[in-house]
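In: okay, predicted coordinates and the sequence, questions at the end:
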Amino acid sequence: MKVKVLCRNPDDYVRETTRDIQRVPRNYDPTLHPFEVTREYTRALNATKLERIFAKPFVASLDGHRDGINCLAKHTKSLSVVLSGACDGEVKIWNLSKRECLRTIQAHEGFVRGICSRFCGSSFFTVGDDQTIKQWNMEPPGCGLQEEPLNTILGKAVYTGIDHHQTEGVFATCGQTVDIWDEQRSSPIRSFSWGVDSFSCVRYNPVETQLLASCASDRSVVLYDMRESAPLRKVIMKLRSNTLCWNPMEAYNFTCSNEDYNLYTYDMRCLDVPVTVHMDHVSAVLDVDYSPTGKEFVSASFDKTIRIFPKNGRHSREVYHTKRMQHVICVKWSADNKYILSGSDEMNIRLWKANASEKLGLLTQREKAALNYNQKLRDKFQHHPQVRRIARHRHLPRDIFKQKRELHVMKEARRRKEQNVRKHSKPGSIPIVTEKEKHVVAIVE
């Protein structure tokens, strides 16, 4: 005789504690849930609306400078320490977790043009309008001792930027030339120039550490190899680039901010056309910095806004602005990928969330599961018209909204004129130039 016995595991339906939620058995057979997609769409729409409701990106403001912020630098070993240089020659070291100033140094006479931390985090370097390079100790001096630099190098011209090597005691400066310095020497070990009056920015590649790039006043972006005696190549654009930043995860990609309101991502192996043209700003873009993941970057503009772009996206996914914030001069993305720092003309450093609707602090497991579920729903239905409309909508200041609309009208007029000229010309006489090709003038090897 055969006897059938039911066997149930109490762990499948009994709560661990009386405060836990009831366990409900579910059958995931799609034939039993004909309205599953409809329910998920409603949940995705509600999740998108809630994300926009909870989008409060501003975290804190660090005030204390007496002039506009001209440059920012991250500490290479500490997440909570940030350095800032102002237009009156003052350098401040900030503690972000306490939101207070740790030290104030009168570093230069005139502007602080550049600031960077040493790769080990024990000291930092500054350059200014007084034609000097100064190295400062990251630790404060003892009680009663005066603040003095560890080393001072007197140059022959004004230095406009500085960056330190990732693993060696070598740093690079730019001004009338791009100079490579050894920390133990008072004269550059190598100088690069290519018939250019001045350079505005120099950056080391964080992956291929022997490579560096600079932005020049002749509208060019120049690439160098420290092991060579001459520059490698340069790309000349229609308008001047202000700053550039290498992608920390892709050694051959870099993004430069331009005076023509756009940002351009290039592949150094093929500089003929940019990989992507990032368009949304309505004034000159002054600074750019990548996230540690290399998937996004943040840009600061003269139009008083900060925008976050995907690395392959033509348009920004987020725009930050406040009534008090003026022209944004410098911007940095924190090393933990959670925050963005911006320095602007009105003497304030602002701390923003990289994800505007992210909840700060510790999350329970149920909160994490709910957030992940909502994110997956938004990704699944992101192309539906209602979800896309709500997710993309941003309130802009009236001036920026008007400028954006005016730029759109001008762009459409140019496109319409090109079409009319091509229509009334001999076939093939007027070539079609893509948006990527329009902005590159020449490649010089």
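Out: Yep, it's here. Numbers count the residues shown, from 1 in each chain.
In: what residues of the longest helix anywhere in the chain count as buried?
Out: If you go by DSSP state H, the chain has its longest helix at helix 398-423. Under the neighbour-count criterion of 16 or more other C-beta atoms under 10 Å, helix 398-423 has I400, Q403 buried. Bear in mind the C-beta positions are built from the backbone N, C-alpha and C, glycine included.
In: beyond it, next helix or strand please.
Out: Going down the chain from helix 398-423, the next helix or strand is helix 435-438, by DSSP states H and E.
In: show me the contact partners of that next one.
Out: K238, V273, P274, V277 (C-beta atoms under 8 Å, 6 or more residues apart in numbering).
In: phi, psi of the third one?
Out: Main-chain dihedrals, P274, degrees, to the nearest 10: phi -70, psi 150.
In: one step back: most neighbours of all the contacts of helix 435-438, which one?
Out: P274 (23 neighbours; other C-beta atoms under 10 Å).
In: which of the contacts of helix 435-438 sits closest to D11?
Out: V277 (56.2 Å; C-beta to C-beta).
In: redo the contacts of helix 435-438 as JSON lines? Include secondary structure.
Out: What follows is the contacts of helix 435-438, written out as JSON lines (DSSP: H, G, I helix; E, B strand; the rest coil):
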{"residue": "K238", "secondary structure": "coil"}
{"residue": "V273", "secondary structure": "coil"}
{"residue": "P274", "secondary structure": "coil"}
{"residue": "V277", "secondary structure": "strand"}
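In: farthest pair in these?
Out: Once C-beta to C-beta is applied, the contacts of helix 435-438 give K238 and V273 as the farthest pair, at 13.2 Å.
In: need the overlap of contacts for the two.
Out: V440.
In: what's the spacing between D63 and I93?
Out: 15 Å (C-beta to C-beta, to the nearest Å).
In: with N253 instead?
Out: 32 Å.
In: SS state for E367?
Out: helix.
In: I'd say it and K359 touch.
Out: Yes - between E367 and K359 a contact is recorded at 7.5 Å, counting by C-beta atoms under 8 Å.
In: returning to what we had before: of all the contacts of helix 435-438, which comes closest to V59?
Out: For the contacts of helix 435-438, the nearest to V59 is V277 (30.9 Å; C-beta to C-beta).
In: right, and the closest one touches Y261 too?
Out: No - the pair V277 / Y261 is not scored as a contact, 10.7 Å apart, by C-beta under 8 Å.
In: what about D303, how many residues nearby?
Out: 24.
In: identify the residues contacting G64.
Out: Here G64 is in contact with K92, C101, T104 (C-beta under 8 Å, 6+ apart).
In: distance-wise, check N205 relative to Q166.
Out: Taking C-beta to C-beta, one finds N205 at 8 Å from Q166.
In: neighbour-wise, which of these two wins?
Out: N205 (21 against 14).
In: show the pLDDT at that one.
Out: Per-residue pLDDT puts N205 at 95.
In: residues contacting it?
Out: Counted by C-beta under 8 Å, 6+ apart, N205 has contacts L211, L212, A213, W246, A251, F254.
In: mind listing the helices for this protein?
Out: 36-53, 365-380, 385-392, 398-423, 435-438.
In: what's the burial count for S220?
Out: By other C-beta under 10 Å, neighbour count at S220 equals 24.
In: may I have the beta-bridge partners of it?
Out: Counting by DSSP bridges, S220 is bridged to I236.
In: which residues touch it?
Out: W194, V196, K234, V235, I236, M237, S241, V444.
In: V440 versus the fifth one, what's the distance?
Out: Summarising the geometry, the distance separating I236 from V440, computed by C-beta to C-beta, is 8 Å.
In: cool, the first one as well?
Out: Here W194 is placed at a distance of 17 Å from V440 (C-beta to C-beta).
In: does R99 touch L62 like I think?
Out: Yes - contact criterion C-beta under 8 Å: R99 and L62 qualify, at 6.4 Å.
In: mutual contacts of the two, please.
Out: L351.
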